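>>> Following is a predicted model, sequence given first.
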Amino acid sequence: MKLNEITDNPGASKNRMRVGRGIGSGKGKTGGRGVKGQKARTGVAIKGFEGGQMPLHRRLPKRGFYNPFSTHYNEVNLGRIQQALDAGKLDANAPVTIEALLAAGVVTRPRDGVKILGQGELKTKLAFEVSAASKSAVAAIEGAGGSVKLLAGETPAQ
């Protein structure tokens, strides 16, 4: 077999319809656009137009806004941190920071920091340096003998 002998399966591709190429082609004269009217003309853009009635997107009220000062934390449960410790991805002697969690694959991108949540069980004594932590997470960490240090300029425990 040679490169010039390779063909596609029969019926796998069709020739494109060439519109507006004479009445004998079956798609001549009006070229599949019907007759007259705005949509038969060129340059028509009537997306959302409802024949003069107020369009739906203008009848509905505007809602909400984007708060540029909002903070988006990576929320990490204690059970997920314990899994990373058991798998050997986190060092129990080093403090748990955003950089350590990124390197361990617990979080994928830094965002505005890390918030520790109390779901799951923590069996290891750890030192956390994070942006925020829930009350239940702080209680569980301190119950395991660890400590939580909230980073300066961030929100307090929530």
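Perfect, I can see it now.

>>> Now for A140, how many residues are close by?
20 (other CB atoms under 10 Å). All C-beta atoms are positioned from the backbone trio N, CA, C, and that covers glycine.

>>> do S147 as well
Other residues near S147 come to 13 when the count uses other CB under 10 Å.

>>> which residue packs closest to it, ignoring adjacent ones?
Leaving aside its chain neighbours, S147 sits nearest to A127 (5.1 Å; criterion: CB to CB, 6 or more residues apart in numbering).

>>> So the one you found is in contact with T97, correct?
No: with contact defined as CB atoms under 8 Å, A127 does not reach T97; the gap is 9.5 Å.

>>> low pLDDT regions in the chain?
The chain contains residues with pLDDT under 70 at 153-158.

>>> That one: strands as residue ranges?
For the chain, applying DSSP state E gives strands covering 74-77, 114-117, 127-130, 132-133, 147-150.

>>> Can you lay out these as a markdown table showing distance to A45?
Shown next, in a markdown table, are those (distance: least, CB to CB, whole Å):
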| stretch | distance to A45 |
| --- | --- |
| strand 74-77 | 43 |
| strand 114-117 | 46 |
| strand 127-130 | 51 |
| strand 132-133 | 48 |
| strand 147-150 | 54 |
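
>>> quick one, which of those strands is nearest to V106?
Nearest to V106 among the strands of the chain is strand 74-77; the distance by CB to CB comes to 6.0 Å.

>>> Now do that closest one: everything it contacts.
98, 101, 106-107, 109-111, 113-120 (CB atoms under 8 Å, 6 or more residues apart in numbering).

>>> do stretch 25-33 as well
Against stretch 25-33 from outside (CB under 8 Å, 6+ apart): 17-23, 39-40.

>>> Check stretch 120-130 too.
Outside stretch 120-130, the residues that reach it (CB under 8 Å, 6+ apart) are 77-82, 85, 92, 95-98, 113-116, 140-141, 144-151.

>>> per-domain residue ranges of the chain.
Structural domains annotated on the chain: 17-64, 74-150, as defined by automatic domain parsing.

>>> and the ones you listed, which is most packed in?
Most buried of the domains of the chain, by mean neighbour count (mean count of other CB atoms under 10 Å): domain 74-150, with a mean of 17.

>>> that older thread, of the contacts of strand 74-77, just say which sits nearest to S131.
Out of the contacts of strand 74-77, the member with the shortest distance to S131 (by CB to CB) is G113, at 2.9 Å.

>>> If anything else comes up later, I'll come back, but that's it for now.
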